[in-house]
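[1] structure for the following, please:
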Amino acid sequence: MEKLAVVILLLLFAFASRAFAYFNVTSLTTTVYLGNTSSAKVEEIIEIYMSNSSIPVYMQDRQALNQTLTQWADILGTSMLTEHIFNPKSSIQNFTLLPGPAVPKGRNGAVAYITMMYTANNVTTIKQIAPRKFEYTFNDACFNFEHTASGPALYANATLTIVLPKGAQVLMPIYPSPDSPIVNYANATSFSW
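    Numbering: from 1, shown residues only. Reported below is the predicted structural model:
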């Protein structure tokens, strides 16, 4: 009977510690590597801040081998843990989720980085406009960030970088204008917002 009481107390402690766990997404970095096809390789890094009491909860969940993306989003209490580049009419392949270790920040909690890598299919359209010259258009329906009245928008704490295919050259204006580079698109290999 005493063993049963101890097991019940341990279970109650585990559930109570989860109830008081504090996680906060502090930043999101999305990098899209365009290729010579309509697919793109995507790497997303989410920075999570956690309180000192939340570190054991995070580390326990990190060691579980079968946590899904949805389960991680529930654990962290965020809707930002999702694929931000995908075509709703297509698919995602080669998905990998890598929750990094909790790195203590002195006496003020810890930070962890959760990395998602995947291939998003059919995110660009390709049109041949001259011999050996192709026009790539990014399908803006593939952006899964905030949805506003004027269309998709980045979160306040998010950055988006699009890396061009090797040998590509920008011939047209980019809208909205990137934060980097500000001018001289002709020699740029990537654009960031």
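[2] give me the mean pLDDT for the strand or helix carrying residue 112.
    Applying DSSP states H and E as the criterion places residue 112 in strand 110-120. Averaged over strand 110-120, pLDDT sits at 96.
[3] report the buried residues of it.
    For strand 110-120, a neighbour-count test (16 or more other Cβ atoms under 10 Å) marks 110, 111, 112, 113, 114, 116, 118, 119, 120 as buried. Heads up, the C-betas are built off the backbone N, CA and C, glycines and all.
[4] a markdown table for the residues you listed, including distance to residue 127?
    Formatted as a markdown table, the buried residues of strand 110-120 follow (distance: Cβ to Cβ, whole Å):
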| residue | distance to residue 127 |
| --- | --- |
| 110 | 48 |
| 111 | 44 |
| 112 | 42 |
| 113 | 38 |
| 114 | 36 |
| 116 | 30 |
| 118 | 25 |
| 119 | 22 |
| 120 | 19 |
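[5] which among these gets closest to residue 23?
    Distance to residue 23 across the buried residues of strand 110-120 (Cβ to Cβ) is lowest for residue 112, with 8.9 Å.
[6] who is the closest one paired with across the strands?
    The partner list for residue 112 in beta bridges (DSSP bridges) reads residue 48.
[7] likewise residue 118?
    residue 42.
[8] which one of the buried residues of strand 110-120 is nearest residue 166?
    For the buried residues of strand 110-120, the nearest to residue 166 is residue 119 (17.1 Å; Cβ to Cβ).
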